[in-house]
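Engineer: Pasting a predicted model and its sequence here:
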Amino acid sequence: MKKLLVKTPKTLKEFVAENLKISKNRAKEIIDSKNVFVNSKRIWIASHQLKSGDVVEIISIDSNYSETKNLEVVYEDEYIIAVNKPPFVISDREENSLEFKLRKKYKDSKIKAIHRLDMETSGVILFAKNYDVFQEFKKLWEDKSVRKTYLAISHNEADFQIKTINTELDGKEAVSTVKLVKKANGFSYFEVYIYTGRKHQIRRHLASIRHPVVGDKIYGPKKIEIGFLKNIKRHMLHAYKLEFVHPFTKNKIMIKADIPADFKNVLHYLK
């Protein structure tokens with residue numbers, strides 16, 4: 001992390017470009033990534049006007065985050081493949097997505113993502129081996145027949161053991177059940193079960209009960225004083241487990257994905 005003092009007023013984009021010796025376009029990309037702080041507040045407006053005496057902190061992004069050299073397949077049968085998605089990898093459709101990498105690995109262009117995870121979210125994601133399988137598994141999601149368990153590290157210590165949040169998002173039903181695993185040092189570690197799949201559902205629901213996810217650049221606290229928290233590159237949300245009845249074999253399936261190193265590091269730091 002670079003910590004820089006502003007000596008003369010200028011825009012944030014100009015300041016970042018000058019101090020990192022990069023183009024203004026590249027500076028804007030860094031600011032857009034929401035990894036720049038001004039006086040401990042996360043700022044992502046390139047035209048933000050800096051004043052003399054302001055302190056700018058620029059969080060470095062590890063480029064290795066976006067690469068997945070070894071796909072971690074956590075389950076496979078003749079119908080589906082389940083992968084433990086690393087953070088900062090896109091689920092599907094783009095060239096560097098998991099879908100693309102699986103098609104390349106298996107030399108099969110029919111492989112298709114059944115559902116998606118946000119780019120920063122790690123954890124279990126399912127892929128169908130052909131379109132017919134995709135259609136059958138999509139029905140499980142549409143019928144809400146998949147039990148989805150996430151792990152989240154959140155700000156503030158919870159005063160409950162279990163809570164169901166039934167708050168509409170974007171005018172649609174959204175239900176999450178939050179179970180406390182542990183709390184310490186001003187933070188909480190939760191298991192979250194979701195019965196619907198609205199955009200950013202867990203992050204928005206947890207923020208609504210004053211437990212925003214650590215590292216959340218959109219719904220998290222605007223001001224962060226602790227240096228360790230500023231250096232967290234992504235929101236601490238992990239898709240830990242999927243449970244369902246297999247539509248072809250009729251077997252009960254439970255697929256788990258181990259938490260990645262960055263998630264473990266935050267847990268360790270927060271004790």
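Structural biologist: It's in.

Engineer: can I have the helix or strand of the chain with the lowest mean pLDDT written out in CSV, keeping just the CAs?
Structural biologist: When the helices and strands of the chain are scored by mean pLDDT, DSSP states H and E, helix 227-230 comes last with a mean of 90. In CSV, the C-alpha atoms belonging to helix 227-230 read as follows (Å, rounded to 0.1, in the frame of the first residue of the first chain):
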residue,chain,number,x,y,z
GLY,A,227,-4.7,-0.5,7.9
PHE,A,228,-5.2,-4.2,7.7
LEU,A,229,-8.8,-3.7,6.6
LYS,A,230,-7.8,-1.2,3.9
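
Engineer: Would you mind identifying the next helix or strand past it?
Structural biologist: Past helix 227-230, further along toward the C-terminus, the next helix or strand under DSSP states H and E is strand 237-245.

Engineer: what is the rounded mean pLDDT of that next one?
Structural biologist: pLDDT averaged over strand 237-245 equals 98, rounded to a whole number.

Engineer: name the element Leu180 belongs to?
Structural biologist: strand 175-184.

Engineer: Kindly format the C-alpha coordinates of that strand as PDB.
Structural biologist: Listed in PDB are the C-alpha atoms of strand 175-184, where the atom choice follows Å, rounded to 0.1, in the frame of the first residue of the first chain:
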ATOM      1  CA  VAL A 175     -34.900 -14.300   2.100                       C
ATOM      2  CA  SER A 176     -31.600 -15.000   3.900                       C
ATOM      3  CA  THR A 177     -31.000 -16.800   7.200                       C
ATOM      4  CA  VAL A 178     -27.900 -15.700   9.100                       C
ATOM      5  CA  LYS A 179     -26.300 -18.000  11.700                       C
ATOM      6  CA  LEU A 180     -23.600 -16.700  14.000                       C
ATOM      7  CA  VAL A 181     -20.500 -19.000  14.000                       C
ATOM      8  CA  LYS A 182     -18.200 -16.800  16.100                       C
ATOM      9  CA  LYS A 183     -17.700 -13.100  17.100                       C
ATOM     10  CA  ALA A 184     -14.700 -11.300  18.400                       C
END
